Structures are given as structure tokens and as C-alpha cells.
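Q: when you get a sec, could you give me coordinates for this:
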Amino acid sequence: MKKLLIFSLLAITLSLFSLSVNAYNYESVNVTTRANITNAAPEILEVLVTPDITLNAGGLKTVYCNASVRDWNGWDDVTLVNATLFHSTSFSGDANSGNTHYTNSSCALTQINATWVLASCGFDLIHYANGGSWTCNMTAEDTENFTGWLTNTTSVNDLFALNVTDVIDYGDIPIDDFSSDELATVTNFGNVDINVSVLGYGSVEGDG
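A: This is a model prediction of the structure:
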């Protein structure tokens, strides 16, 4: 009698366990998920700067920063690329200065393919721009005002150059008379401080 009761309880327990498992695992459920990707920010993947810059004495030297820009929403989603070129003693957000800081707020854009655009930014450096290390910071903006940026560096060489008045014209001078004083201008056309010494004479040095 006791063995029969134990077997009956065991059978009931197994039956309940079987019902419990079946109640919670009798089917699988599929859930549909959705994500709406509205905008991707533009990416600047490479910046190339004119290397080893030698300025033009007394004039301007055009320097370029070029960037490859990718936008997964399409190349024409890039609405603006701007750039700053600044000396190591300056910062990207500083005011413009012929010595240390230049800005191009509207760089030229050229389509490369469906998602890529080439941005070209030119800067006219004045002959007295500081020598040393310079950084170009380029920033791309899209139709949703999302931005991406990247920098690269270059260097400007020291330039020793000067300019002197071409002709010192004393006009007509009678014999045994003296001319009036005429000015000659010496101008530093480089980017390095220089000391200038001037020596004047008639036909030979030391003739008084």
C-alpha cells in the first residue's frame, strides 16, 4: 500500500511539471523592430595643406587646404565647408591677422561621387606672415547643421627680403651748387626683423 502511494505521488508530480513546461514554452513569438535614421553628420577624412611654404617678397602667397568630405545622406547634403589657417602662437577662433591668422568661410565644393565631395580652401598669406608651424582646421556642415572637422599642419619658411627706392632723383643742379635732400625708402619685404645700414657716395666710396 505504501509503495503504491509513493508511485502515485511521483506520477502526479511529473504530470504537473509537464503541464508547467508546456504552459510557458509551447510557441515562439516574432517581434518587428523599426529605426528611422534621419541624418548622418559629414565626415572629413583627410586634410592636405600646401607644404613647406616660401612666401613671396612684398606680395601674396596663395596656400591651399583641401579636404575629402563624406556624407552618407549624399554629397549635396554638405552645404558649407570653412577653414582657418593659424600660426602656432594663435588659435582657430582668434581674430584674423596678417601675421598669425587667416579665414576662408566659403570653400569651393566639387562632387567626387554619390557620397563624397572635395572641399578646396585658399588663403592669401602676406609676405610678413610669421615663420614656423601653422595649422589648418577645416569644418564641414550639412543641411541639419551637423558638423565634422579635422586638422593638419604645415610650415612657413623665414623670408629675408627688402626693397629700396629705385631711383633717387636730385633734378637739375648747377655747377658748384648743392642739391636738396631727397628721401630713399628701405622696406622690409620679408617676415624676419632685419637691421639696415645705408652708405651713400658720389662716384667712389669715401669721396665726400
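
Q: the helices in this protein, which residues?
A: For the chain, the helices defined by DSSP state H occupy 2-24.

Q: where does pLDDT dip in this structure?
A: 1-26 (pLDDT under 70).

Q: and the residue nearest to residue 68 when sequence neighbours are not counted, what does it touch?
A: Spatial nearest neighbour of residue 68, excluding adjacent residues (CB to CB, 6 or more residues apart in numbering): residue 46 at 4.8 Å. Just so you know, the C-beta spots here come from the backbone N, C-alpha and C atoms, and that holds for glycine as well. By CB atoms under 8 Å, 6 or more residues apart in numbering, the contact list for residue 46 reads 67-68, 150.

Q: quick check: residue 46 vs residue 127, distance?
A: 30 Å (CB to CB, to the nearest Å).

Q: ok, residue 36 next?
A: For residue 36 relative to residue 127 (CB to CB), the value is 55 Å.

Q: so residue 101 touches residue 90, yeah?
A: Yes. With contact defined as CB atoms under 8 Å, residue 101 and residue 90 form a contacting pair (4.9 Å).

Q: beta partners for the residue positioned nearest the centre of the chain?
A: Centroid-nearest residue in the chain, with CA atoms, centre = their mean: residue 137, separated by 2.2 Å. Note on residue 137: beta-bridge partners residue 84, residue 151, judged by DSSP bridges.

Q: my read is that it contacts residue 83, right?
A: Yes. With contacts counted by CB under 8 Å, residue 137 reaches residue 83, the gap being 6.5 Å.

Q: need the contact list for residue 119.
A: 66-67, 69, 78, 81, 83, 107-109, 138, 140.

Q: what do you get if the cut-off is 10 Å, keeping everything else the same?
A: 42, 44, 47, 65-69, 78, 80-83, 104, 107-110, 138-140 (CB atoms under 10 Å, 6 or more residues apart in numbering).

Q: kindly report the same for residue 60.
A: Contacts of residue 60 by CB under 10 Å, 6+ apart are 123-127, 129.

Q: sitting in strands, which of those residues do you find?
A: 123-126 (DSSP state E).

Q: noted, bye for now.
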